[in-house]
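Undergrad: whatever this is, show me its structure:
(one chain, ligands or ions: 2)
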Amino acid sequence: MAERTEHLEAVLLSAVRPSQEQEKRFLAFLAEKYGEGTTLTWQKSDDYPDGFRLEVGAEVYDWSAGGRLSQFKDALEKLAATQGDVIPLLKETVLSWTPQAMAQEVGTVLTVGDGIARVDGLEGAAYGEVLLFDGGVRGMVQDLSEDSVGCILFDDDASVCAGSTVRRTGRTAGVPVGEGFLGRVVNALGVPIDGGGDIRADGYRAVESPAPGIIDRQSVDTPLETGILTVDSMFPIGRGQRELIIGDRQTGKTAIALDTIVNQKGKDVICIYVAIGQKASSVAQLKKTLETHGAMDYTIIVNATASDPAPLQYIAPYAGCAMGEYFMNKGRDVLIVYDDLSKHAIAYRAMSLLLERSPGREAYPGDVFYLHSRLLERAAHLSEEKGGGIETQAGDVSAYIPTNVISITDGQLILETRLFFSGQRPAVNVGLSVSRVGGDAQTKAMKKAAKTIRLDLSQYREMESFTQFASDLDESTAKLLSYGQGLMRMLRQKQFHPYKQYEQVILLVAGLNHVFQEIVPEQLDAFIPALLQHFGETQGALCNAIEQTGQLSDDQQSQIIEIAKEFVQNYFSK
Ligand code: ATP
Ligand code: MG
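TA: Ligands and ions are numbered 1, 2, ... in the order given. Okay, here's the model as predicted:
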């Protein structure tokens with residue numbers, strides 16, 4: 001600063017003219033900060049009845065009562081964010097606090113509209129920094145160009161107009177985090193929107209933060225059970241894995257995510273559901289559904305509805321992720337669902353176009369891949385040193401964006417409209433879906449029980465298309481077809497009816513050993529619950545053993561087949 005040679009003009013604002021002594025002190029301050037030759041002019045201003053405000057170029061020193069109060073407020077806020085016993089700290093802060101000549105960079109709004117503002121004069125502003133506009137409107141720097149700063153606004157921009165002032169805060173955007181958020185619905189800034197009162201935060205976390213490095217991660221080795229037979233048997237998801245759910249509209253994507261959340265009850269997994277660009281009414285309904293299944297106790301809903309400005313929809317998944325990381329760093333396991341990422345990409349596209357970034361393919365900006373990769377990379381299975389916390393993420397997308405996201409995730413469940421309307425629900429396309437890492441996380445029992453299911457089903461599908469127009473089939477083909485139909489029927493599962501691990505094992509062992517071969521598919525719908533009930537009532541020890549140990553011996557396997565066969569006989573002879 002001292003090397004600046006150009007002539008600087010400083011303006012001093014106050015209600016009463018400074019005394020000669022005071023003026024001398026201001027001049028000395030300016031000479032020290034900006035070098036000799038800075039001129040000082042005084043302007044009368046009734047805005048500062050009890051203090052001074054000094055403006056030097058883009059920098060402002062606020063010695064007014066209001067300015068000192070806001071400094072003090074900042075100091076208290078910083079304190080409130082730290083943990084520990086607050087009272088002594090509070091005392092100390094009050095006693096040791098002295099107002100400082102704090103330089104503030106102040107800029108002016110050039111243009112504002114559609115949730116975007118362009119600001120002139122904030123030379124030092126950093127990407128991602130929070131800016132404060134008139135009327136308490138908050139914004140975040142998203143675009144740094146040579147002569148101005150592009151900023152997205154999180155609040156209603158009614159009080160902001162061209163020419164109004166903007167202050168830097170020096171802080172990056174963040175959200176409050178903590179246990180208090182469980183069971184609540186919050187917006188993308190962590191503010192409760194369920195009418196349930198304030199939330200006590202345990203801390204504050206930056207919305208954007210670097211993903212854990214490779215050294216900090218562990219391989220995926222613990223299952224995240226969805227309770228959905230199709231998924232757990234063929235596309236197992238492990239803790240730390242990112243699985244994409246993809247499919248046309250209304251094919252049951254959200255249903256799979258919700259079922260998985262409901263199935264985490266009593267499993268010590270925290271769930272975060274991030275709704276992006278949905279109707280407020282659908283999210284309210286979803287909350288009610290989770291409540292009736294007792295799943296809200298361990299769930300946080302982050303909601304940026306379709307009517308929220310694009311910046312809020314853009315930031316929502318990162319905010320949800322930050323809330324999850326808080327728990328992950330405490331060693332807890334977290335399941336986070338982003339529903340959905342295509343709407344997220346659309347919000348980002350709208351924002352980028354308004355920021356005048358050049359459009360690329362399908363008008364998405366060039367960094368749309370980075371948009372999702374930096375989000376999904378934050379899912380991790382941390383090594384024990386970091387507390388062993390795990391975060392599993394799932395998203396939901398529908399052409400260009402899905403292919404991007406497929407390459408970022410560790411697997412995808414592909415849902416099909418055709419299957420959905422033929423009654424095959426969940427409508428998972430078994431041939432195209434994959435889980436790239438979850439196999440390691442499957443329990444031994446599940447692995448053993450589900451061994452041949454994918455192969456058997458693919459043989460069935462091949463045979464089915466091959467014989468579609470054939471009139472008479474030989475006996476072995478007919479048998480294979482009816483076996484396959486039985487398996488497909490077995491995989492149908494109603495919403496909110498998750499299976500326990502032992503139930504899945506029993507169904508798989510019985511089904512894959514042709515126990516259901518002679519049963520008409522339609523009858524299986526009623527038969528399967530009856531069979532599981534029979535096992536639960538009469539084979540408690542066996543069921544418990546499988547559930548607790550996750551193992552399945554050959555003896556247990558033959559026992560299951562035998563009991564199931566016997567039950568078939570009794571059930572259909574009645
Ligand atoms: P959108 O594209 O609109 O987000 P979606 O793919 O998320 O839709 P869902 O809302 O999950 O689809 O499901 C669509 C409808 O299908 C819902 O009414 C849901 O109740 C029903 N449904 C989903 N899965 C099943 C199932 N296994 N059994 C019966 N009904 C189901
Ligand atoms: Mg949906």
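Undergrad: how about the residue of the stretch 451-574 of the chain found nearest ligand 2, secondary structure?
TA: Nearest residue of the stretch 451-574 of the chain to ligand 2 (CB to the ion) works out as Gln495 at 12.5 Å. Bear in mind the C-beta positions are built from the backbone N, C-alpha and C, glycine included. Counting by DSSP: H, G, I helix; E, B strand; the rest coil, the backbone at Gln495 sits in coil.
Undergrad: my guess is it contacts Thr254. True?
TA: No: using CB atoms under 8 Å as the test, Gln495 is too far from Thr254 to be in contact (10.0 Å).
Undergrad: the two: who's more crowded?
TA: The neighbour count for Gln495 versus Thr254, taken as other CB atoms under 10 Å, is higher for Thr254 (19 against 15).
Undergrad: so what pLDDT did the more buried one get?
TA: Here, the pLDDT recorded for Thr254 equals 92.
Undergrad: assess the claim that it and Tyr338 are in contact.
TA: No: counting by CB under 8 Å, Thr254 does not reach Tyr338; the two are 11.4 Å apart.
Undergrad: now the residue of the stretch 451-574 of the chain closest to ligand 2: closest residue in space that isn't a chain neighbour?
TA: Ala255 (5.3 Å; CB to CB, 6 or more residues apart in numbering).
Undergrad: wait, the one you found touches His497, no?
TA: No: with contact defined as CB under 8 Å, Ala255 does not reach His497; the gap is 11.3 Å.
Undergrad: of these two, who's got more company?
TA: Per other CB under 10 Å, whichever of Ala255 and His497 has more neighbours is Ala255, with 19 against 12.
Undergrad: and Cys543, what element?
TA: Cys543 is part of helix 540-549 when elements are defined by DSSP states H and E.
Undergrad: in that helix, what counts as buried?
TA: Leu542, Cys543, Ala545, Ile546 (16 or more other CB atoms under 10 Å).
Undergrad: what are the contacting residues of it?
TA: With contacts defined as CB atoms under 8 Å, 6 or more residues apart in numbering, helix 540-549 is touched by 445, 500-502, 505-506, 535-536, 551-552, 556, 559-560.
Undergrad: one more: stretch 179-186?
TA: If you take CB under 8 Å, 6+ apart as the criterion, stretch 179-186 is touched by 190, 192-194, 196, 199-202, 270, 283, 287, 296-303, 323.
Undergrad: ok, stretch 118-129 next?
TA: Contacts for stretch 118-129 (CB under 8 Å, 6+ apart): 58, 105-112, 131, 140-142, 144, 147-151, 166, 168-173, 208.
Undergrad: mind listing what's buried along that stretch?
TA: By neighbour count on 16+ other CB under 10 Å, the buried set for stretch 118-129 is Arg118, Val119, Asp120, Gly121, Leu122, Ala125, Glu129.
Undergrad: tell me the contacts of the residue of the stretch 301-450 of the chain found nearest ligand 2?
TA: Nearest residue of the stretch 301-450 of the chain to ligand 2 (CB to the ion) works out as Asp339 at 5.7 Å. Contacts of Asp339 were listed using CB under 8 Å, 6+ apart, and they are Lys253, Thr254, Ala257, Tyr273, Val274, Ala275, Ile276, Gln278, Gly395, Asp396.
Undergrad: name the nearest residue to the second one, ignoring sequence neighbours.
TA: The one in question is Thr254. Nearest non-adjacent residue to Thr254 (CB to CB, 6+ apart): Asp339, at 5.8 Å.
Undergrad: which strand residues bridge that neighbour?
TA: Ala275, Asp396 (DSSP bridges).
Undergrad: and Leu366, how close does it get to Val428?
TA: Residue 366: Gly, not Leu. Taking CB to CB, to the nearest Å as the criterion, Gly366 is separated from Val428 by 34 Å.
Undergrad: so which residues on the stretch 251-400 of the chain come close to ligand 2?
TA: Contact residues (CB under 5 Å from the ion) of the stretch 251-400 of the chain with ligand 2: Lys253, Thr254.
Undergrad: do a quick rundown of the strands in the stretch 251-400 of the chain.
TA: 269-276, 299-304, 333-339, 390-397 (DSSP state E, counting those that start in this stretch).
Undergrad: and Glu208, how many neighbours?
TA: 19.
Undergrad: isn't it right up against Val141?
TA: No: here Glu208 lies out of contact with Val141, judged by CB under 8 Å, at a distance of 11.9 Å.
Undergrad: per-residue confidence for the residue of the stretch 451-574 of the chain closest to ligand 2?
TA: Looking at Gln495, its pLDDT stands at 95.
Undergrad: need the contact list for it.
TA: Gly252, Ala255, Leu258, Asp259, Arg425.
Undergrad: measure the second one to Ile261 for me?
TA: Summarising the geometry, the distance separating Ala255 from Ile261, computed by CB to CB, is 11 Å.
Undergrad: for the protein, longest strand please?
TA: Determined from DSSP state E, the single longest strand within the chain is strand 103-113.
Undergrad: so which elements touch it?
TA: Counting contacts by 3 or more CB pairs under 8 Å, 6 or more residues apart in numbering; DSSP states H and E, strand 103-113 is packed against strand 59-62, strand 116-120, strand 165-172.
Undergrad: tell me who's in contact with the residue nearest to Gly113 when sequence neighbours are not counted.
TA: Leaving aside its sequence neighbours, Gly113 sits nearest to Asp157 (CB to CB, 6+ apart; 7.4 Å). The neighbours of Asp157, taking CB under 8 Å, 6+ apart as the test, are Val112, Gly113, Gly115, Ala117, Phe133, Val137.
Undergrad: could you dump those residues into JSON lines with pLDDT and distance to Ile237 added?
TA: What follows is the contacts of Asp157, written out as JSON lines (pLDDT from 0 to 100; distance: CB to CB, whole Å):
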{"residue": "Val112", "pLDDT": "92", "distance to Ile237": "44"}
{"residue": "Gly113", "pLDDT": "87", "distance to Ile237": "43"}
{"residue": "Gly115", "pLDDT": "88", "distance to Ile237": "36"}
{"residue": "Ala117", "pLDDT": "94", "distance to Ile237": "42"}
{"residue": "Phe133", "pLDDT": "91", "distance to Ile237": "43"}
{"residue": "Val137", "pLDDT": "90", "distance to Ile237": "41"}
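Undergrad: tell me which of those residues is nearest to ligand 1?
TA: For the contacts of Asp157, the minimum distance to ligand 1 (CB to the nearest ligand atom) is 24.5 Å, reached by Gly115.
Undergrad: in a markdown table: the strands of the stretch 251-400 of the chain, plus distance to ligand 1.
TA: Converted to a markdown table, the strands of the stretch 251-400 of the chain look like this (distance: least, CB to the nearest ligand atom, whole Å):
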| stretch | distance to ligand 1 |
| --- | --- |
| strand 269-276 | 10 |
| strand 299-304 | 14 |
| strand 333-339 | 7 |
| strand 390-397 | 7 |
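Undergrad: compare those and say which comes out lowest on pLDDT.
TA: Note on the strands of the stretch 251-400 of the chain: strand 390-397 shows the lowest mean pLDDT, a mean of 56.
Undergrad: immediately after that one, which helix or strand?
TA: Downstream of strand 390-397 (by DSSP H and E), the next one is helix 400-408.
Undergrad: other residues contacting that following helix?
TA: For helix 400-408, contacts defined as CB under 8 Å, 6+ apart pick out 242, 244, 246, 341-342, 345, 361-362, 364, 368-369, 372-373, 376-377, 395, 397, 412.
Undergrad: likewise for stretch 428-437?
TA: If you take CB under 8 Å, 6+ apart as the criterion, stretch 428-437 is touched by 219-220, 230-231, 234-238, 241, 243, 410-416, 419, 454, 457-458, 461.
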